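*Asks:* please work out how this folds:
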Amino acid sequence: MLTDAIQMGVPDEWKKEFAAGTVYRVGTLLFRRGKPGIIAHLNETAAVQQVTSELFKGVLSQSGTIASLASGPPGMVLAALTKSAGLGMQAVAIRQGEQIKAALGTLQSLQMASLVVSGIGIGVSVAGFAILSQKIGRVSDQVKALDTRLEQMAKSIDDLRREPVQEDFDRLRTACEQMDEAWSLSTPERQWRSAAQELHGLQNRFSRRVRRIVAETDEIATVEPFVEAFAMAGAARVSSRLAAGDNEASLQASESFAREFREVLEPIGAADILAERLRAEGILPGDARYASRAEQLQVDASAVAASYRDREAAASSTPFTLRRLEKAGISGRKWLEAARHETTEPLMFLNADSEG
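*Replies:* So this is what the prediction gives:
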């Protein structure tokens with residue numbers, strides 16, 4: 001244990017308070033109603049990455065291939081995870097035992113099952129390359145499933161051509177492998193900094209794709225895999241700087257990433273997603289089917305929009321956590337190491353009872 005301010009796992013009291021609405025979560029920060037300030041900062045551990053990896057297997061065993069999920073509305077993979085959490089827990093429990101089931105229960109207790117899948121937090125760097133590679137492969141497969149639509153869009157948006165998109169996913173995989181490999185080096189700082197520079201460029205390129213799709217097309221349904229890649233690159237960049245001991249650079253990177261993430265996703269709301277879904281089905285305003293079909297699609301559209309807002313909040317949480325670490329005198333690298341070495345509890349907390 002680094003300090004008494006850090007604990008692994010969610011206290012039962014907090015679970016009860018969260019269920020009652022007394023404690024609530026915004027991004028990766030916890031608050032208590034009637035009390036000013038943050039009460040705790042959340043960070044995922046290596047255990048949560050194993051959990052989400054197994055949860056994907058459980059969901060896919062029921063839903064088919066990643067391609068079948070990706071062919072639907074944006075965020076369908078995240079929505080499938082959330083909706084199938086109970087089923088996934090049963091499947092995982094059979095294969096991995098009660099420990100994994102309990103970890104999934106912890107994530108559900110704070111309504112974080114879909115958030116941790118997105119790779120938006122600094123905990124993305126604690127996963128180990130095998131799981132990071134699996135995540136990148138899943139997102140890349142989503143892009144491949146959209147190949148026909150992206151090919152048409154690439155006629156006006158060069159950034160969406162198949163070759164540069166695939167190259168950027170390959171570079172993202174390599175940068176994450178280098179980030180993970182650095183943990184085994186005797187002097188890892190140089191490699192972390194090199195990975196951070198590469199990830200910065202990838203963050204910008206995936207961000208640009210999202211912006212152009214939203215601004216120049218009606219194909220909002222194609223944006224999700226690029227949002228996830230953008231999130232992974234940005235979060236991994238912050239983590240690499242933090243691990244290297246570049247605290248000020250890490251804080252600045254987290255602040256700029258949070259601003260950019262909000263700017264990129266702000267134009268995408270439930271109404272936009274719903275309109276795109278209806279348009280894709282050939283149902284336009286004035287169609288006799290419009291009202292009834294809109295009502296049927298509303299729940300999914302709202303869930304997807306909510307997942308974007310949750311990820312925006314998570315990105316905005318990171319600067320607060322980094323400032324708290326510095327205030328508590330806790331090394332960012334030690335914080336990440338503690339998360340990497342935790343194989344039972346999916347979440348670790350930095351208490352902030354004195355924080356205003």
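*Asks:* and the nearest residue to Thr45 once chain neighbours are set aside, backbone torsions?
*Replies:* Counting by Cβ to Cβ, 6 or more residues apart in numbering, Glu342 is the residue found nearest to Thr45 once chain neighbours are left out, at 3.8 Å. C-beta: built from backbone N, CA, C; applies to glycine. Phi and psi for Glu342, reported as degrees, to the nearest 10, are phi -90, psi 120.
*Asks:* show me what contacts Glu342?
*Replies:* Contact partners of Glu342, counting by Cβ atoms under 8 Å, 6 or more residues apart in numbering, are 8, 45-47, 348.
*Asks:* try 10 Å this time
*Replies:* Contact partners of Glu342, counting by Cβ atoms under 10 Å, 6 or more residues apart in numbering, are 8-9, 43-48, 126, 348.
*Asks:* same check, this time on Glu167
*Replies:* Contacts of Glu167 by Cβ under 10 Å, 6+ apart are 161, 205.
*Asks:* poorly predicted segments of the protein, please.
*Replies:* 1-3, 49-101, 103-104, 113-114, 116-119, 122-125, 127, 353-356 (pLDDT under 70).
*Asks:* hmm, 80 instead?
*Replies:* Scanning the chain for pLDDT under 80 picks out 1-5, 48-131, 352-356.
*Asks:* any idea which of the contacts of Glu342 is closest to Phe257?
*Replies:* Nearest to Phe257 among the contacts of Glu342 is Asn43, at 16.2 Å by Cβ to Cβ.
*Asks:* the closest one should be in a helix, yeah?
*Replies:* No. Secondary structure of Asn43 (DSSP: H, G, I helix; E, B strand; the rest coil): strand, not part of a helix.
*Asks:* what about it, how many residues close to it?
*Replies:* Number of residues near Asn43 (other Cβ atoms under 10 Å) recorded here: 24.
*Asks:* surely it touches Gly27?
*Replies:* No. In this structure, Asn43 is not within contact of Gly27 by Cβ atoms under 10 Å, at 11.7 Å.
*Asks:* overlap in contacts, the two.
*Replies:* 121, 317-318, 321.
*Asks:* top of the residues you listed by neighbour count?
*Replies:* Thr318 leads the shared contacts of Asn43 and Gly27 on contacts (other Cβ under 10 Å) with 29 neighbours.
*Asks:* leaving out sequence neighbours, find the closest residue to that one.
*Replies:* Nearest one to Thr318, counting by Cβ to Cβ, 6+ apart, is Ser254 at 4.3 Å.
*Asks:* cool, and Val10?
*Replies:* Val10 sits nearest to Thr106 (Cβ to Cβ, 6+ apart), 5.3 Å away.
*Asks:* wait, what's in contact with the one you found?
*Replies:* 9-10, 15, 47-48, 51, 112-113, 345-347.
*Asks:* please repeat the previous calculation with a cut-off of 7 Å.
*Replies:* Applying Cβ atoms under 7 Å, 6 or more residues apart in numbering to Thr106 gives the contacts 9-10, 346-347.
*Asks:* likewise for Glu248?
*Replies:* Applying Cβ under 7 Å, 6+ apart to Glu248 gives no contacts.
*Asks:* tell me the secondary structure at it.
*Replies:* helix.
*Asks:* that older thread, so the residue nearest to Thr45 versus Glu44, what's the distance?
*Replies:* Applying Cβ to Cβ, to the nearest Å, the value for Glu342 to Glu44 is 9 Å.
*Asks:* and stretch 13-21, how far out from the chain's middle?
*Replies:* Here stretch 13-21 is found 24 Å from its chain centre; the criterion is Cα atoms, centre = their mean, to the nearest Å.
*Asks:* list the contacts of that stretch.
*Replies:* Here stretch 13-21 makes contact (Cβ under 7 Å, 6+ apart) with 23-24, 109-110.
*Asks:* which helix or which strand is home to Ser186?
*Replies:* Under DSSP states H and E, no helix or strand contains Ser186.
*Asks:* C-terminal to the helix or strand encompassing Leu202, what's the next element?
*Replies:* Assigned by DSSP H and E, Leu202 belongs to helix 189-216. Later in the chain than helix 189-216, the nearest helix or strand by DSSP H and E is helix 224-243.
*Asks:* since that was my last question, I'll sign off now.
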